[in-house]
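Chemist: Give me a model of this one.
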Amino acid sequence: MKFPTITPSRFGVVLCAGAMGFAMQTHAATALPSPGYCFNNTASGGITSAGVTLNSMAAADCYGVVSGNINSAADLNGLSLSWGSNWAYLDSTDASNATWMGLTFTASAPLNTGANWTLTGTDTNGTTPLNLPTALDLVVGLKAADRYALWGFDNVVVNSGANDGTFTIEFKNNGGQIPDLSHMIVFGREADGGTITMVPEAETYAMMLAGLGLVGFAAARRRRN
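Modeler: Predicted coordinates:
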């Protein structure tokens, strides 16, 4: 059998093409979609509003997946989410908790891809400004690998003692695998600080507006007739 002769120049082309193919595969593996809100319970990174629950309630909305880290209230408020601002840091599984409005909370979660988690509330002053049980808005962040996602809870009654929930990491790392939890972080604010609801995707929102326009046009045409 006669094998084709590969000249140095042809070998360079083949080597270059192979390197480009490898680079393209690497780029594809590390590509991360632009962060988005949940819509029909699913966000741009594949996360769902049911990815985190608390006291038998699924999150009202979710946002992600975001490249980088989230460690403080400034990080969350700096995202300028549609959920509003004025978020306060409550606790993280890899850092100490903080006293807020006379309350402290401790978040506990195993470092794996999903399991039960607990938010334990303690009334530190027994009087004001807040007492348990109380209604709060909460944001729960799951940090895993080089990215994180957020789940927002609207007007949740949080009790003294253990508040139980579940979490599931649904997004993948840059190698295409489901990563273990690096840390969970919890933020809170008073329940009247804003509303957390699902935000329609831009294309769907435009279609909704177009549909309303067609309805209005049809109504106007019927009136003229």
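Chemist: for this structure, which spans come out with low pLDDT?
Modeler: Residues of the chain that meet the criterion pLDDT under 70 lie in 1-31, 40-41, 44, 199-225.
Chemist: mind listing the strands for it?
Modeler: Ranges of strands in the chain, per DSSP state E, are 36-37, 52-54, 57-58, 61-67, 88-92, 99-100, 103-108, 114-123, 134-144, 147-158, 161-168, 183-190.
Chemist: From the contact counts, what lies against the fourth one?
Modeler: This points to strand 61-67. Judged by 3 or more CB pairs under 8 Å, 6 or more residues apart in numbering; DSSP states H and E, the packing partners of strand 61-67 are strand 36-37, strand 147-158. Bear in mind the C-beta positions are built from the backbone N, C-alpha and C, glycine included.
Chemist: try 6 Å
Modeler: Counting contacts by 3 or more CB pairs under 6 Å, 6 or more residues apart in numbering; DSSP states H and E, strand 61-67 packs against strand 147-158.
Chemist: circling back: distance to Ile196 added to the strands of the chain, as a markdown table?
Modeler: As requested, the strands of the chain are exported to a markdown table (distance: least, CB to CB, whole Å):
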| stretch | distance to Ile196 |
| --- | --- |
| strand 36-37 | 10 |
| strand 52-54 | 13 |
| strand 57-58 | 12 |
| strand 61-67 | 5 |
| strand 88-92 | 15 |
| strand 99-100 | 18 |
| strand 103-108 | 18 |
| strand 114-123 | 17 |
| strand 134-144 | 6 |
| strand 147-158 | 4 |
| strand 161-168 | 16 |
| strand 183-190 | 10 |
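Chemist: how near is the closest residue to Leu76 other than its chain neighbours to Met57?
Modeler: Spatially, and ignoring its direct neighbours in sequence, Leu76 is nearest to Trp87 (4.9 Å; CB to CB, 6 or more residues apart in numbering). Using CB to CB, to the nearest Å, Trp87 is found at 19 Å from Met57.
Chemist: likewise Glu170?
Modeler: Per CB to CB, Glu170 is found 18 Å from Met57.
Chemist: How about Thr166?
Modeler: 11 Å.
Chemist: right, and the strands of the chain - which one's nearest Gly78?
Modeler: Across the strands of the chain, Gly78 has its closest neighbour in strand 61-67 (11.3 Å, CB to CB).
Chemist: CA atoms only: put the closest one into PDB for me.
Modeler: What follows is strand 61-67, C-alpha atoms only, in PDB (Å, rounded to 0.1, in the frame of the first residue of the first chain):
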ATOM      1  CA  ASP A  61     -37.300  33.400  40.400                       C
ATOM      2  CA  CYS A  62     -33.700  32.500  39.600                       C
ATOM      3  CA  TYR A  63     -30.800  34.200  37.900                       C
ATOM      4  CA  GLY A  64     -27.700  32.800  36.300                       C
ATOM      5  CA  VAL A  65     -25.300  31.400  35.500                       C
ATOM      6  CA  VAL A  66     -22.700  34.100  36.400                       C
ATOM      7  CA  SER A  67     -19.000  33.700  36.000                       C
END
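Chemist: As JSON lines, the strands of the chain with mean neighbour count and distance to Gln177 would be great.
Modeler: Formatted as JSON lines, the strands of the chain follow (neighbours: other CB atoms under 10 Å; distance: least, CB to CB, whole Å):
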{"stretch": "strand 36-37", "mean neighbour count": "20", "distance to Gln177": "22"}
{"stretch": "strand 52-54", "mean neighbour count": "24", "distance to Gln177": "20"}
{"stretch": "strand 57-58", "mean neighbour count": "16", "distance to Gln177": "25"}
{"stretch": "strand 61-67", "mean neighbour count": "24", "distance to Gln177": "14"}
{"stretch": "strand 88-92", "mean neighbour count": "21", "distance to Gln177": "24"}
{"stretch": "strand 99-100", "mean neighbour count": "16", "distance to Gln177": "36"}
{"stretch": "strand 103-108", "mean neighbour count": "19", "distance to Gln177": "25"}
{"stretch": "strand 114-123", "mean neighbour count": "17", "distance to Gln177": "14"}
{"stretch": "strand 134-144", "mean neighbour count": "24", "distance to Gln177": "10"}
{"stretch": "strand 147-158", "mean neighbour count": "23", "distance to Gln177": "12"}
{"stretch": "strand 161-168", "mean neighbour count": "17", "distance to Gln177": "15"}
{"stretch": "strand 183-190", "mean neighbour count": "23", "distance to Gln177": "18"}
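Chemist: Perfect, I'm done here.
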